[in-house]
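>>> all I have is the shape, not the residue letters:
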């Protein structure tokens, strides 16, 4: 069981102390609240969050109630520090995205895109990384955002338009080791869909299966006329170990910075270990030293 869920769902003296510390004193949603200017519920229950830096992000309500580790943060938190957080039960995915990608800026802790860069977002989801990176690279930069899921793709386009971004090209497909059409597993949570049955999705009920075109990153970039890449972010829910086999052209380029999230169990093996070994084989070193199942790679 996930440690955060264990703490939220169990009670004893030590866990009560941890809950007080995590939810009352060191509640990560406090930092999210601080970066938000305004939160609104608009048509069809969609949430619109305007950040103090001017970025606008739209999100859909969850199809299922949030798990307890998300709702407990609001239940035990200081209400005066959570005034901009509306209904975590419905919009937890938005607040988790804002926490990790905007407040903690996890993708930019070791390096970040700069003006004029060419950036690739593999697994763009609704655009948390895409929007930030597109603003960093400016009008002379270029960003290729790749997202296979239909609902995420629509919301990604909406978030790009809402922020007036003209330097982003969206590709509605999956990244894989070869050109093909594959079964895409659409889970009950918006960030868990995948072409492989990983640990977070394999036991879920109500998974939808749809056919989605896939291609290698090298082919996708060639189709878009991209010959040089500066920054790649990849978070594709367990499919990283297969997709990275189709990235040898990009891997061979000099100066590419990689941010890879690969923390899923697939066929009993953690995907990160395979990804890290493959990257090292190609001459990259992992700058991350925190022991998490994610890598920040450079040559």
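Yes, it's here. Note that the structure is a prediction, hence the values are computed from the model and not measured. Numbers count the residues shown, from 1 in each chain.
>>> can you list the weak-confidence ranges in the stretch 1-150 of the chain?
In the prediction, the stretch 1-150 of the chain carries residues with pLDDT under 70 at positions 1-2, 4-6, 8, 13.
>>> what about the strands in it?
Assigned by DSSP state E, counting those that start in this stretch, the strands in the stretch 1-150 of the chain fall at 36-41, 47-51, 56-59, 118-122, 142-146.
>>> what are the pairing partners of the shortest one, and which direction each?
Read that as strand 56-59. Taking DSSP bridges as the criterion, strand 56-59 pairs within the sheet with strand 47-51 (antiparallel).
>>> list the contacts of residue 278.
Each residue near residue 278 by C-beta atoms under 8 Å, 6 or more residues apart in numbering is listed here: 241, 244-245. The C-beta positions use only the backbone N, C-alpha and C, and glycine is treated the same way.
>>> output these as TSV; include the columns distance to residue 262, pLDDT and neighbour count.
Below are these laid out as TSV (distance: C-beta to C-beta, whole Å; pLDDT from 0 to 100; neighbours: other C-beta atoms under 10 Å):
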residue	distance to residue 262	pLDDT	neighbour count
241	7	88	23
244	9	94	27
245	14	94	13
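>>> give me the subset of those residues lying in strands.
Among the contacts of residue 278, none falls in strands (DSSP state E).
>>> could I get those in CSV, plus columns for distance to residue 110?
Compiled in CSV, the contacts of residue 278 are given as follows (distance: C-beta to C-beta, whole Å):
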residue, distance to residue 110
241, 22
244, 19
245, 25
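>>> what is the nearest of those residues to residue 259?
Residue 259 lies nearest to residue 244 out of the contacts of residue 278, by C-beta to C-beta, at 13.2 Å.
>>> which phi and psi does the closest residue in space to the closest one that isn't next to it in sequence have?
Leaving aside its chain neighbours, residue 244 sits nearest to residue 278 (5.5 Å; criterion: C-beta to C-beta, 6 or more residues apart in numbering). Phi and psi for residue 278, reported as degrees, to the nearest 10, are phi -70, psi -40.
>>> wait, which of the contacts of residue 278 is closest to residue 67?
Top of the list for closeness to residue 67, among the contacts of residue 278 and by C-beta to C-beta, is residue 241 at 26.6 Å.
>>> quick one: contacts for that closest one?
In this structure, residue 241 makes contact with 262, 266, 271, 274-275, 278, judged by C-beta under 8 Å, 6+ apart.
>>> what's the most distant pair in those residues?
The most widely separated members of those, counting by C-beta to C-beta, are 266 and 278 (14.4 Å).
>>> give me the subset of the contacts of residue 278 lying in helices.
When DSSP state H is applied, these are split such that residue 241 fall in helices.
>>> can you tell me the element residue 295 falls in?
Under the criterion of DSSP states H and E, residue 295 resides in strand 294-298.
>>> could you check how far the residue nearest to residue 98 when sequence neighbours are not counted is from residue 93?
Nearest in space to residue 98, with sequence neighbours left out and distances taken as C-beta to C-beta, 6+ apart, is residue 32 at 4.9 Å. Here the distance between residue 32 and residue 93 works out to 13 Å (C-beta to C-beta, to the nearest Å).
>>> these two: which has the busier surroundings?
Set side by side, residue 32 and residue 93 give different neighbour counts by other C-beta atoms under 10 Å, the larger being at residue 32 (25 against 22).
>>> buried residues in the lengthiest helix in the chain?
Looking only at the chain and at elements set by DSSP H, the helix with the highest residue count is helix 150-162. Within helix 150-162, the residues scored as buried using 16 or more other C-beta atoms under 10 Å are 152-153, 155-160, 162.
>>> what sits against residue 31?
If you count contacts by C-beta under 8 Å, 6+ apart, residue 31 has them with 99, 103-104.
>>> circling back to that earlier point, from memory the residue nearest to residue 98 sits against residue 99, does it?
Yes: using C-beta atoms under 8 Å, residue 32 makes contact with residue 99 at a distance of 5.0 Å.
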